[in-house]
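*Asks:* what follows is a predicted structure for the sequence shown.
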Amino acid sequence: MASKQEKREMIIKRDDTTLDRILAHHKNPDAFELSASDEMQLERWREIFALLLRGYTKTEIVNMWVKKGISMSQSYVDIRNTEVIFGDVMKSNKDFDKALFIAEVKDFIRRCKQKGDRKGESKGYDLLGKYSEFNKVDDAQFNAEKLANIKTELALDPKQERALEQFRNKGVSNFNDLNVIDIDHVDVKEGGDGS
């Protein structure tokens, strides 16, 4: 049986992409060493990330890379891989700006309350409600259709109605001799999609 180290090496030897090898190295540097070319690639991605942190746009970075002799398509692939490893700087900046804006709005509401400015306070609450996204559903699994009040109707012939009425009144009834047809249905399970 192969040792753990041999299994890890086999994973790397199976035509993994540079991104896969660098991600494996980030997760466990002792088990996954990088080759010289992978080190150079990682250094390039670090440089892209530093440029993104400094506020350079993706287009500006691509233009810089093209001037260095790297193709435009490879530059965009490098930016995408950088975001996979280090995260999307623009999204983080947008989230930070949003949080900063919400803090400013809360401060504005506090100042309006102190001054007794009801109109300004109302405007602040409107902004807070609009940009805080309180109405946004956090749960990606949430399905509003499951909460819909669907009217269920049963079609029973008179014999089946009498048997059901007998069961309701006496608590016992013989349903075996009724000619009931089974229909297609979906079992609804907790937290699932019903399949």
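*Replies:* Alright, I've got the coordinates.
*Asks:* domain ranges for the protein?
*Replies:* With domains defined by automatic domain parsing, the chain comprises 4-85, 91-134.
*Asks:* show the end-to-end separation of the last one, please.
*Replies:* Yep, that's domain 91-134 we're talking about. 19 Å (Cα to Cα, to the nearest Å).
*Asks:* and that domain, how far out from the chain middle?
*Replies:* 26 Å (Cα atoms, centre = their mean, to the nearest Å).
*Asks:* tell me where the protein has helices.
*Replies:* 4-12, 18-27, 36-53, 58-67, 72-86, 89-115, 118-132, 158-170 (DSSP state H).
*Asks:* could you dump those into CSV with distance to residue 187, mean pLDDT and mean neighbour count added?
*Replies:* Every residue, glycine included, has its C-beta placed from N, CA and C. Listed next are the helices of the chain as CSV, based on distance: least, Cβ to Cβ, whole Å; pLDDT from 0 to 100; neighbours: other Cβ atoms under 10 Å:
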stretch, distance to residue 187, mean pLDDT, mean neighbour count
helix 4-12, 39, 51, 11
helix 18-27, 39, 78, 16
helix 36-53, 48, 86, 16
helix 58-67, 47, 91, 15
helix 72-86, 38, 86, 16
helix 89-115, 39, 85, 13
helix 118-132, 38, 87, 14
helix 158-170, 23, 83, 12
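*Asks:* Throw those into a markdown table and include distance to residue 151, thanks.
*Replies:* Below are the helices of the chain laid out as a markdown table (distance: least, Cβ to Cβ, whole Å):
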| stretch | distance to residue 151 |
| --- | --- |
| helix 4-12 | 55 |
| helix 18-27 | 52 |
| helix 36-53 | 54 |
| helix 58-67 | 52 |
| helix 72-86 | 48 |
| helix 89-115 | 42 |
| helix 118-132 | 34 |
| helix 158-170 | 18 |
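*Asks:* wait, which of those is closest to residue 144?
*Replies:* Smallest distance to residue 144 across the helices of the chain (Cβ to Cβ): 20.3 Å, for helix 118-132.
*Asks:* kind regards, and thank you for your time.
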